[in-house]
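**Q** Below is the sequence, then the predicted model.
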Amino acid sequence: MNQATTGGPVRIWVPGDWNGFFGLFTNVLLNVIVLTGLCLGVVQLPADTVFGRILPALGIALPLGNLFYAYLGWQLAKKEGRSDVTAMPYGPSVPHMFIVVFLIMLPTYLTTKNPMAAWAAGLAWCFIIGVIVLIGAFVGPQIRALTPRAAMLGTLAGISVAFISMRPAFQMWETPWIGLAASRSC
């Protein structure tokens with residue numbers, strides 16, 4: 001820990017937080033718009049369910065979840081005397097959102113032709129994931145302590161490298177002359 005991050009009073013808000021706030025706000029807003037479109041367009045949920053249940057629940061959960069994470073970050077900063085602690089952003093997970101809609105809700109809807117059964121299946125899946133996350137809260141620290149750091153970060157690094165390198169590789173096939181110019185310069 002360096003001197004720049006220790007000592008002094010813990011501040012709740014610093015100038016860089018505006019950037020984080022608006023970045024999180026626009027990200028979550030876009031995710032909620034996409035989620036609304038998926039629920040209405042793909043699973044054919046009734047509009048009164050989407051606008052009367054799902055979006056109001058998100059409207060309550062998102063501010064409360066973000067405030068709670070901000071509180072936890074502030075408590076950690078006070079406990080450790082650090083000024084470089086930030087809260088984890090809270091909002092709809094894009095990968096999980098698409099998994100639930102396309103792998104849980106859509107097959108249920110196509111089988112039953114009942115959008116409410118699809119919604120119930122999605123809720124059941126979210127409950128199961130919640131139980132798994134709750135179990136992970138207790139066993140996660142032990143797994144992290146027993147697993148070498150390189151093993152945990154290796155997968156993340158592999159995924160990052162794949163995403164960073166594969167897009168240009170596929171673009172090279174779309175415009176082959178760029179690939180030729182790049183290979184000739186090596």
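**A** Okay, I see it.
**Q** quick one, what contacts residue 100?
**A** 122, 125-126 (CB atoms under 8 Å, 6 or more residues apart in numbering). For every residue, glycine as well, the C-beta is placed using N, CA and C.
**Q** Okay, and which of these map to helices?
**A** 122, 125-126 (DSSP state H).
**Q** just to revisit the earlier point, turn the contacts of residue 100 into CSV, including distance to residue 12 and neighbour count.
**A** Listed next are these as CSV, based on distance: CB to CB, whole Å; neighbours: other CB atoms under 10 Å:
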residue, distance to residue 12, neighbour count
122, 36, 22
125, 36, 17
126, 31, 13
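**Q** Relative to residue 101, which of the ones in helices among the contacts of residue 100 is nearest.
**A** residue 122 (7.4 Å; CB to CB).
**Q** Run a quick neighbour tally on the closest residue to that closest one other than its chain neighbours.
**A** Excluding the flanking residues, the one nearest residue 122 by CB to CB, 6 or more residues apart in numbering is residue 105, at 4.5 Å. For residue 105, the number of neighbouring residues by other CB atoms under 10 Å comes to 25.
**Q** burial measure for the closest residue to residue 125 other than its chain neighbours, as a count.
**A** Spatial nearest neighbour of residue 125, excluding adjacent residues (CB to CB, 6+ apart): residue 104 at 4.6 Å. Residue 104 is flanked by 19 other residues according to other CB under 10 Å.
**Q** Can you read off the pLDDT for residue 104?
**A** With respect to pLDDT, residue 104 scores 95.
**Q** give the contact list for it.
**A** Counted by CB under 8 Å, 6+ apart, residue 104 has contacts 118, 121-122, 125.
**Q** ok, 6 Å please
**A** Residues near residue 104 by CB atoms under 6 Å, 6 or more residues apart in numbering: 121-122, 125.
**Q** Phi and psi next, for residue 44.
**A** Main-chain torsions, residue 44, degrees, to the nearest 10: phi 60, psi 30.
**Q** Verify the contact between it and residue 116 for me.
**A** No: applying CB atoms under 6 Å, one finds residue 44 not in contact with residue 116, separated by 10.1 Å.
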